[in-house]
Structures are given as structure tokens and as C-alpha cells.
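Q: 3D model of this:
(chains A, B, C and D)
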Number of protein chains: 2
Amino acid sequence: MQDYIKTDKGYAYEYPRAAVTTDSVIFGFDGQELLVLLIKRGGEPYKGCWAFPGGFLNMDETVEECAFRELKEETGLEPDQMEQFGVFSAVDRDPRGRVLTVSFYALIKKEQVSGGDDAADARWFPINALPPLAFDHSDMLREALAALKRDIYHKPIGFMLLDEHFTMPQLQRLYEAILGEQFDRRNFQKKMLASGVVEEQGVERAMGHRPGKLFSFVPENYDQMKEHDSRAKEF
Amino acid sequence: MQDYIKTDKGYAYEYPRAAVTTDSVIFGFDGQELLVLLIKRGGEPYKGCWAFPGGFLNMDETVEECAFRELKEETGLEPDQMEQFGVFSAVDRDPRGRVLTVSFYALIKKEQVSGGDDAADARWFPINALPPLAFDHSDMLREALAALKRDIYHKPIGFMLLDEHFTMPQLQRLYEAILGEQFDRRNFQKKMLASGVVEEQGVERAMGHRPGKLFSFVPENYDQMKEHDSRAKEF
DNA sequence: ACAAAAGTGTTGTAACTACACCCATGT
DNA sequence: ACATGGGTGTAGTTACAACACTTTTGT
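A: As a prediction, this is how the structure comes out:
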């Protein structure tokens, strides 16, 4: 499976090849706003700009493995699930040469962040107060958000941003932050319960907070939601 | 923007690089069944097997441009729109070396096919009677179909498989072929008209067919469908 | 005591599903 | 004449959106 010739100048191929990287748009939630995890670039190009964690594909890994590895190296995070949402391949998107990026997004409980591991600064930013981003990462974020909004109806991803037990208002705030619109409390709760993906848990609540019923996510019922919700109805 | 060193052995890079290709899953419709366009491989590997049209990325084109160019070269087709649906990057998916494929799908009116241009045999196959496929193209097809089923609710792609004017039963057969289920004629028509994306056209019909009202696609109303249908309702 | 957040139920409306008969064409 | 496919409407049911007051907690 060796397709190159090793020369003193490096790995040689018959035709030119683009470099492949992965980038990961990591969403978090602080109870109010949707957050995005960024890394400050230490070197050129775009030195000092903020960018999504990511890096070059190794020859012994898939793009999924690459995204996971790079994220872990740069932030310490190991998300349960990463969703691929697009390939960015404009010929001039990276001044260093022809670089093609496969992009992923993931949702992470904010608490999990080991604040800036070995790598440079890693920080959460509210999605509505982002610094200038490197490369075409602004486009990337836009597409990641679009993918997230699309997927939240079909995949049980939203719950990854919350603790095991959560209150309805918390869940609702999360949905409102992601979808960017407001919902009616009563209707929201009705639909969530009707879909069966959340179930009532104990009625207790730790001190220091307002009270509130606790709910938990029921993965077993997610398949139904999938069908229920993807209009398998009748056309 | 030159990131390689040209040697007598070819284009040399500091680190090994995967080759990047695009493949296109082309769907057609014969009025009854969903069809897939395949190309018979003339060379190794998988000689004699059938595969999706596609090929290697050039350095001066995006993956979208590459998919379009390769499709045109191999089949003469120039679809209006191609949808990217995934990247395939298993390390051993191509015996020739490390090859990463960005996959697209497109819908094409069957009539448009210029039956096997310069390239090898290109043939339509009913989706339920496919020959053995090369590489990981069976997985690819599965994902393409899943993407198509997902997208047909949100994007006006289904109409690309029909003539400008079509009858409701034709449209319904198309949806049934794609989604793999049967619908009630009256309800199907009601929903289609209610969504506003189809409008009644003349009542005439060419001879040699059964009669039937003709409809046409109304792209202007598609945005509404998008919102209407992506549950922008209330949660 | 007051402000802020959380809990709860009902009702009108719109959308969906299920269903049966007639008509036109082609054989 | 018969079989096939196409056209059309209604009624029962369910899902949805809109809406206001009470209770608890924290200040």
C-alpha cells in the first residue's frame, strides 16, 4: 500500500497532491448562550487569529480519526460523536498551498474542557461575539451551524450539551440558543414529552438553584423520534 | 502557491499525502424505478466491475468542479446541481494506495444520457438490480440514497428527474421510488399543491399516453416549502 | 413585598389520515 | 365488456399554536 517514492526531497508522487486536513467546530453551552471553542494560532499564516482545532491527516487514519486525534491533542477533548458536515476545497483557501479540509462539528459539555492543554490558548467564545477567524473558518462556522440546526431534529445530539439530569427550561434554552428562536414553555414541554425522548426523573434539585423537575434523555426512544419526525407519515 | 518540490521522481512533499478523488452517484428515473448510472471499469483494480463515475482532483479545481468535470468526461452529463454527501477515507479502501474520495450525488433526466461517450460503458441500472460494485461503492450508494431521502424534503431536487410538465401520478411514482413506500393518491396531491411547489398547468396531454392534468414546478415557492417543512413551526 | 422563573390545562384551528365512487382510455 | 389508471371530496382524528394564572424562591 505504498504509493509514493521516497526521495531526499521528501515523498514523491507522479501527480501533484493536495494536503488534507480536518477541522472541528466544537459547540458548548453555558446555560444561556451557544459557545464555540477556538484556538489561537501561534504561527503563520493568520498568526494571532483564532481558528478551529484541526490538523493534517496521517496516512494510517481516517478523516474521522484525524479529527478526533487533533482535537484531543489541541484541547484534551474527546467527544462522543463527531458529525462530518462538509469539505472545503477552494484552491486559494490556504496561503501555504493546496489544502483541502474535511470539517466536523461536535457538542461538548463545557465543563469537560481541560483549559488549554499542551497546545496554545483554547477558549470558548459566545457564538455572537466571535473574534476574527483564520482561513475560511467563518464560512465553515456558518455551515456547521446550519448542519447543527438541521441535525438537531433528527439526531439526539442536543442532550450531549447537558448533564444527565436537566430541567425543561434548561433544555429549552439550549434549543433556543441553537435554533435562534423562542418557544412557548408549555408547548415545548408537551412536544418533548410526547416524542418520548425525555422522561421525568426525580423531582428533586440541588440547592442554590431554583427548583424544578428533572428530566433525562431516553436513547431507546430516539428511533421513534427519528421516524416520527422525518415525516415517514404519509405524503 | 507552489507547495511541492519537483524532482525527477515526481512531485515531492515533506510528508506523505493521500490522493483525493471525487465520485458521483447519478440517479435517474424511468417512470417506475429509480436508476443508477454506472461505468464499467476497464482497468485494474476491480477490472470489469461497475463503479460510479469519478476521478482524481486537479490542483486548479475544487472538489465540486472535479466531480462535474469527471462526470462530463466519462458520461457527457452536466447536471444542474450536485450535492456533496460524504467523504470516504478508510485507509485500505483502494488497493493502489491511500485514496480519499469526496462523494456527490445528482439527479438527471434519463433522456439526457449520451449513451457512453468516449469513456467505457456507461449504463443505467435499476437500483434494486445492481451488479457488484468496485471499491466501497456499495457503502457509498447506501449513503447517497440516505442523503437523497433526507434532502428530497428540503431541496427541490426531485423535479430534476421529470420533464417540465408532469402529471401527479408521475411525481408520486418518483417519490415512492425514492422513499421506498406507497402513498395515497389524494393525500399526496393535496400536500403537493398545499406546499405550493407545484402548480397546475394546461389540462392537455400528448397522445399515446393516458390523459392527465399537467403540473409544473414553481421554484419561487420553494423557500416557503423549506421553512414550512423544516419544522420552523414552534417547538 | 416584590421581581423573576417555573409549573400547569384548555380551546380553537389547521393538518393529517382514511376511505369509495365515477370516468376515461386501451385491450 | 372489462381492466387499469386517473380524477375528485369528506369526515373523524390528531397535532399544533395561542394563551393566563398560581407558586416558589431569592433579594
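Q: from now on I want contacts and neighbour counts done on CA atoms only, so please keep to that.
A: OK.
Q: low-scoring stretches of chain A, by residue?
A: A:1, A:114-120, A:204-210, A:223-233 (pLDDT under 70).
Q: counting residues, which strand of it comes out longest?
A: strand A:19-29 (DSSP state E).
Q: quick one: the nearest residue to A:V63 once chain neighbours are set aside from DNA strand D, how far?
A: Distance criterion Cα to Cα, 6 or more residues apart in numbering or on different chains; nearest residue to A:V63, sequence neighbours excluded, is B:S89 at 6.2 Å. Distance, B:S89 to DNA strand D, by Cα to the nearest atom of the strand, to the nearest Å: 38 Å.
Q: pretty sure B:S89 contacts B:S103?
A: No. Contact criterion Cα atoms under 8 Å: B:S89 and B:S103 do not qualify, at 10.9 Å.
Q: neighbour-wise, which of those two wins?
A: Using other Cα atoms under 10 Å in any protein chain shown, the more surrounded residue of B:S89 and B:S103 is B:S103, with 27 against 20.
Q: tell me which residues of the top helix by length along chain A come out buried.
A: For chain A, the helix with the greatest residue count under DSSP state H is helix A:137-151. The neighbour-count check on helix A:137-151 (16 or more other Cα atoms under 10 Å in any protein chain shown) flags A:137, A:140-141, A:143-145, A:147-149 as buried.
Q: cool, and stretch A:88-102?
A: For stretch A:88-102, using 16+ other Cα under 10 Å, the buried residues are A:88-91, A:93-94, A:97-102.
Q: quick one: contacts of it?
A: The contact list for stretch A:88-102 (Cα atoms under 8 Å, 6 or more residues apart in numbering or on different chains) reads A:17-23, A:45, A:63, A:84-87, A:103, A:135-136, B:1-3, B:59-63, B:87.
Q: and it, C-alpha only, in CSV?
A: C-alpha atoms of stretch A:88-102 as CSV (Å, rounded to 0.1, in the frame of the first residue of the first chain):
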residue,chain,number,x,y,z
PHE,A,88,-13.8,23.0,1.9
SER,A,89,-11.6,23.0,-1.2
ALA,A,90,-11.3,26.4,-2.7
VAL,A,91,-7.9,26.5,-4.4
ASP,A,92,-6.6,29.6,-2.6
ARG,A,93,-8.1,29.0,0.8
ASP,A,94,-4.7,28.4,2.4
PRO,A,95,-1.7,30.5,1.5
ARG,A,96,0.7,27.7,2.2
GLY,A,97,-0.5,25.7,-0.7
ARG,A,98,-3.3,23.4,-1.9
VAL,A,99,-5.1,22.3,1.3
LEU,A,100,-8.4,20.6,1.4
THR,A,101,-10.2,20.4,4.7
VAL,A,102,-12.9,18.0,5.9
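Q: so A:L35, which of the three states?
A: Following DSSP: H, G, I helix; E, B strand; the rest coil, the label given to A:L35 is strand.
Q: bridging residues for it?
A: A:G28, A:P126 (DSSP bridges).
Q: how close does the residue nearest to A:V63 get to B:L71?
A: Per Cα to Cα, to the nearest Å, B:S89 is found 21 Å from B:L71.
Q: contacts only, for the spatially most central residue of chain A.
A: Nearest to the geometric centre of chain A sits A:A106, at 2.3 Å (Cα atoms, centre = their mean). Listed by Cα under 8 Å, 6+ apart, the contact set of A:A106 reads A:24-27, A:79, A:81-83.
Q: which one of those is nearest DNA strand C?
A: Distance to DNA strand C across the contacts of A:A106 (Cα to the nearest atom of the strand) is lowest for A:F27, with 21.8 Å.
Q: now for the closest one, how many residues are close by?
A: Burial of A:F27 is recorded as 25 neighbouring residues (other Cα under 10 Å).
Q: now do it against DNA strand D, distance only.
A: For A:F27 relative to DNA strand D (Cα to the nearest atom of the strand), the value is 26 Å.
Q: around DNA strand C, which positions in chain A sit nearby?
A: With Cα under 7 Å from any atom of the strand as the criterion, chain A meets DNA strand C at residues A:167-170, A:185-187, A:210-214, A:233-235.
Q: ok, which of these also contact chain B?
A: A:187, A:234-235 (Cα under 8 Å from any Cα of the partner chain).
Q: hmm, A:M168 is touching A:F217, no?
A: No. Using Cα under 8 Å, A:M168 is not in contact with A:F217; the gap is 11.3 Å.
Q: just the buried ones from the residues of chain A next to DNA strand C, in ChimeraX syntax?
A: With 16+ other Cα under 10 Å as the burial test, the buried ones among the residues of chain A next to DNA strand C are selected in ChimeraX as follows:
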select /A:167,168,214,235
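Q: widest-spaced pair of the residues of chain A next to DNA strand C?
A: Taking every pair in the residues of chain A next to DNA strand C and measuring Cα to Cα, the maximum separation is 44.6 Å, between A:R210 and A:F235.
Q: A:H165: neighbour count?
A: Neighbours of A:H165 (other Cα under 10 Å): 18.
Q: before we move on, back to that, relative to helix A:137-151, how tilted is the longest strand of chain A?
A: On the basis of axes from the mean of the first three to the mean of the last three Cα atoms, to 10 degrees, strand A:19-29 is oriented at 60 degrees to helix A:137-151.
Q: could you export strand A:19-29 as CSV, keeping only the C-alpha atoms?
A: The C-alpha coordinates for strand A:19-29 follow below in CSV (Å, rounded to 0.1, in the frame of the first residue of the first chain):
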residue,chain,number,x,y,z
ALA,A,19,-2.8,18.2,1.6
VAL,A,20,-5.8,17.0,3.6
THR,A,21,-6.7,18.4,7.0
THR,A,22,-9.6,18.2,9.3
ASP,A,23,-11.1,20.9,11.4
SER,A,24,-13.6,20.6,14.2
VAL,A,25,-16.2,23.1,15.2
ILE,A,26,-16.9,22.5,18.8
PHE,A,27,-20.1,23.8,20.3
GLY,A,28,-20.7,24.3,24.0
PHE,A,29,-23.4,25.7,26.2
